[in-house]
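Asks: Predicted coordinates and the sequence they were generated for:
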Amino acid sequence: MARTGRAGRTGRTGPADGDLAIRLDGAGRRYGLRRPWVLREVTLGVRAATLTRVEGANGTGKSTLLRLLARIDAPSEGRVTGRPRTAYVPERFPPSLPFTAVGYLTHMGRVHGLTGAAAARRAHAWLERLGAAGHAHTPLPDLSKGTSQKVAVAQALLADPELLVLDEAWTGLDAAARDILDRAVAERVAAGSAVAFVDHDPHRLAGYADVTYAISGTRVTRRTGEADAAPRATGRTVVVEVRGPHGAELPPGLPGTAGPGPEPDTHRLVVADLHSDLVLRELLTASPPWHVMSVRPGEAGDR
Ligand SMILES: Nc1ncnc2c1ncn2[C@@H]1O[C@H](COP(=O)(O)OP(=O)(O)OP(=O)(O)O)[C@@H](O)[C@H]1O
């Protein structure tokens, strides 16, 4: 996705651009002195008000890297600096705690510094938003996998973290909740938080990541294809394909031209490079949100 400079991200507030939320310096991790290194010499910073994607084949260390960023785990060598208020959604949420869903969320809200009343209010609001209000008083061990995942997502979002770390957090959610999580990510970034995520779906938040890191062997390399690898001059276009709620109209006032997409309920937008950030943000934060299926540079025939 073409970047238009930070000024292109209208609506992003919070810490000034360039603020580092957390930083790894020469970080490495192995799970035992005689075990092989999973990651080595990882030096990277995650900035406030940005979205960071981590990619890599199965077992390469994506979760390991996210746990270091979330400070759930410490590196075997090297340093981690920065202590943002962090929330983390693990790949698998342990549901066997002796709480109801809302009891657990209220407890977690208090751990994150909210008052009991505020924590309970936000717990109910997030369960409602994610479509799990009917399970507010269900004990955690009795929740389905999908509803457990909604609770895991809610606990991460309810205290407005400065750093949100999502490890395959969309897995197990129904389509509506996946879209809500897409939208919540866009909202957090717009509010100035750093968000780092792994997802097996390469289209997840397509075009919205500011930075992509790829893990190969024990190395982590920056692969910021969206922003830096193919800078495009003003005057070029970007083609965005989106799927909306059944029968929904596109949000009014989007720049560019819109036409039907390749499938029912999909639309194809051709927008100026300069406006692509704005359009993606509008779509991801619309209510209900739109699913961004693909983003690619426009070609001569795209109108
Ligand atoms: N707690 C642990 N103890 C021992 N080995 C571990 C632990 N966590 C991860 N590993 C090992 O570290 C390597 C990287 O695992 P990690 O889960 O970070 O990779 P991943 O890229 O997230 O994998 P996946 O795509 O399957 O989710 C694997 O070989 C894994 O077996």
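Replies: Received it, and whenever you're ready, just let me know what you need. Please read all numbers here as calculations on a predicted model, not as lab measurements. Residues are numbered from 1 along each chain as shown.

Asks: So, low pLDDT: which residues of this protein?
Replies: Applying pLDDT under 70 to the chain flags the ranges 1-18, 95, 225-235, 274, 301, 303.

Asks: for it, what's the longest helix?
Replies: Ranked by residue count under DSSP state H, the longest helix found in the chain is helix 175-190.

Asks: Now it: buried residues?
Replies: If you call a residue buried by 16 or more other CB atoms under 10 Å, then helix 175-190 has these buried ones: 177-190. Just so you know, the C-beta spots here come from the backbone N, C-alpha and C atoms, and that holds for glycine as well.

Asks: Need the max-distance pair from these.
Replies: Greatest spatial distance among those (CB to CB): A177 and A190, at 19.9 Å.

Asks: Just confirm yes or no for the following helix or strand past the longest helix of the chain near the ligand.
Replies: Remark: after helix 175-190, the chain's next helix or strand is strand 194-198, criterion DSSP states H and E. No: judged by CB under 6 Å from any ligand atom, strand 194-198 makes no contact with the ligand; its nearest approach is 6.6 Å.

Asks: Paired strands for strand 194-198, with orientation please.
Replies: strand 51-56 (parallel), strand 163-167 (parallel) (DSSP bridges).

Asks: how about the residues of the stretch 1-150 of the chain near the ligand?
Replies: 31, 38, 56, 58-64.

Asks: all strands of the stretch 1-150 of the chain, in order?
Replies: 20-30, 37-47, 51-56, 77-81, 86-89 (DSSP state E, counting those that start in this stretch).

Asks: Nearest spatial neighbour of V38, chain-adjacent residues omitted?
Replies: G61 (4.3 Å; CB to CB, 6 or more residues apart in numbering).

Asks: pretty sure that neighbour is in contact with S216, am I right?
Replies: No: counting by CB atoms under 8 Å, G61 stays clear of S216, with 9.7 Å between them.

Asks: Quick check on the two: which one has the bigger neighbour count.
Replies: Ranked by neighbour count (other CB atoms under 10 Å), G61 and S216 place G61 first, with 24 against 13.

Asks: who touches that one in this structure?
Replies: 29, 38-39, 215, 218 (CB atoms under 8 Å, 6 or more residues apart in numbering).

Asks: In a markdown table, list the residues you listed along with neighbour count.
Replies: Formatted as a markdown table, the contacts of G61 follow (neighbours: other CB atoms under 10 Å):
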| residue | neighbour count |
| --- | --- |
| R29 | 22 |
| V38 | 19 |
| L39 | 25 |
| I215 | 22 |
| T218 | 17 |
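
Asks: burial measure for the residue lying closest to E77 once chain neighbours are set aside, as a count.
Replies: Nearest residue to E77, sequence neighbours excluded (CB to CB, 6+ apart): G28, at 4.3 Å. Using other CB under 10 Å, G28 has 17 neighbouring residues.

Asks: Then L66?
Replies: Neighbours around L66, by other CB under 10 Å: 24.

Asks: What's the separation between the residue nearest to E77 and W37?
Replies: 6 Å (CB to CB, to the nearest Å).

Asks: Tell me the residues that contact both of the two, please.
Replies: 76, 218.

Asks: Quick one: the strands of the stretch 1-150 of the chain as CSV, columns for distance to L69 too.
Replies: Shown next, in CSV, are those (distance: least, CB to CB, whole Å):
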stretch, distance to L69
strand 20-30, 6
strand 37-47, 6
strand 51-56, 9
strand 77-81, 8
strand 86-89, 8
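
Asks: re the thing from before, format the contacts of G61 as a markdown table; extra columns: distance to A70.
Replies: Output for those, formatted as a markdown table (distance: CB to CB, whole Å):
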| residue | distance to A70 |
| --- | --- |
| R29 | 13 |
| V38 | 16 |
| L39 | 14 |
| I215 | 16 |
| T218 | 20 |
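
Asks: which of these lies closest to E263?
Replies: Closest to E263, out of all of the contacts of G61 and judged by CB to CB, is I215, at 32.9 Å.

Asks: what's near enough to touch the spatially closest residue to that closest one that is not a sequence neighbour?
Replies: Leaving aside its sequence neighbours, I215 sits nearest to G56 (CB to CB, 6+ apart; 3.4 Å). G56 sits next to 62, 214-216 when contact means CB under 8 Å, 6+ apart.

Asks: Pretty sure R268 sits in a helix.
Replies: No: assigned with DSSP: H, G, I helix; E, B strand; the rest coil, R268 falls outside any helix and is strand.

Asks: That one: what's it in contact with?
Replies: R268 touches 239-241, 258-262, counting by CB under 8 Å, 6+ apart.

Asks: Could you give the bridge partners of it?
Replies: Here R268, judged by DSSP bridges, has bridge partners E241, G259.

Asks: Give me the distance between it and the ligand.
Replies: 32 Å (CB to the nearest ligand atom, to the nearest Å).
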